[in-house]
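Chemist: Turn this into a model:
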Amino acid sequence: MARFDPWNVFLKREWNRNWPFLVGFAITGALVTKLTASLTEEDAKNSPFVQRHRRLHSVSSVLDFLFPFTFHLIMVSLAL
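Modeler: Below you'll find the predicted structure:
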């Protein structure tokens with residue numbers, strides 16, 4: 001006698017419940033990949049966000065080496 005396999009029922013029910021999320025995730029991932037692939041170094045040089053990030057990262061790497069635990073607490077308190 002054949003045993004009942006619940007996986008088929010489970011996978012069909014979960015696919016019906018989750019397909020919008022999976023399709024939306026795939027579309028969002030494709031758009032983000034396409035947009036980030038089109039960025040150039042010239043765009044990064046002109047971007048205020050990238051400049052702020054690079055400046056903060058250069059300061060953070062030196063101070064993080066000197067004070068590994070306290071620097072992040074200071075930066076979080078300054079950001080608030």
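
Chemist: This protein: helices as residue ranges?
Modeler: 7-37, 41-46, 48-66, 70-79 (DSSP state H).

Chemist: Mind telling me which of those helices the model trusts least?
Modeler: Among the helices of the chain, helix 70-79 carries the lowest mean pLDDT, at a mean of 64.

Chemist: State the distance from residue 24 to residue 50.
Modeler: With distances taken as C-beta to C-beta, to the nearest Å, residue 24 is found 28 Å from residue 50. Using the backbone N, CA and C atoms, a C-beta is placed for each residue, glycine as well.

Chemist: Between the two, point out the one with more neighbours.
Modeler: Ranked by neighbour count (other C-beta atoms under 10 Å), residue 24 and residue 50 place residue 50 first, with 14 against 10.

Chemist: Quick check, that one in contact with residue 40.
Modeler: No: in this structure residue 50 lies outside contact range of residue 40 using C-beta atoms under 8 Å: 11.7 Å.

Chemist: Pull the number of nearby residues for residue 44.
Modeler: By other C-beta under 10 Å, 13 other residues sit near residue 44.

Chemist: Apart from its neighbours in sequence, what residue is nearest it?
Modeler: Spatial nearest neighbour of residue 44, excluding adjacent residues (C-beta to C-beta, 6 or more residues apart in numbering): residue 50 at 4.7 Å.

Chemist: for stretch 42-50, how far is the first residue from the last?
Modeler: Using C-alpha to C-alpha, to the nearest Å, one end of stretch 42-50 lies 11 Å from the other.

Chemist: what's the neighbour count on residue 47?
Modeler: Applying other C-beta under 10 Å, we find 13 residues neighbouring residue 47.

Chemist: Distance of it relative to residue 20?
Modeler: Taking C-beta to C-beta, one finds residue 47 at 33 Å from residue 20.

Chemist: Also residue 33?
Modeler: For residue 33, the distance to residue 20 (C-beta to C-beta) stands at 20 Å.

Chemist: Check residue 55 too.
Modeler: In this structure, residue 55 and residue 20 are 41 Å apart, going by C-beta to C-beta.

Chemist: burial measure for residue 15, as a count.
Modeler: When neighbours are counted by other C-beta under 10 Å, residue 15 registers 10.
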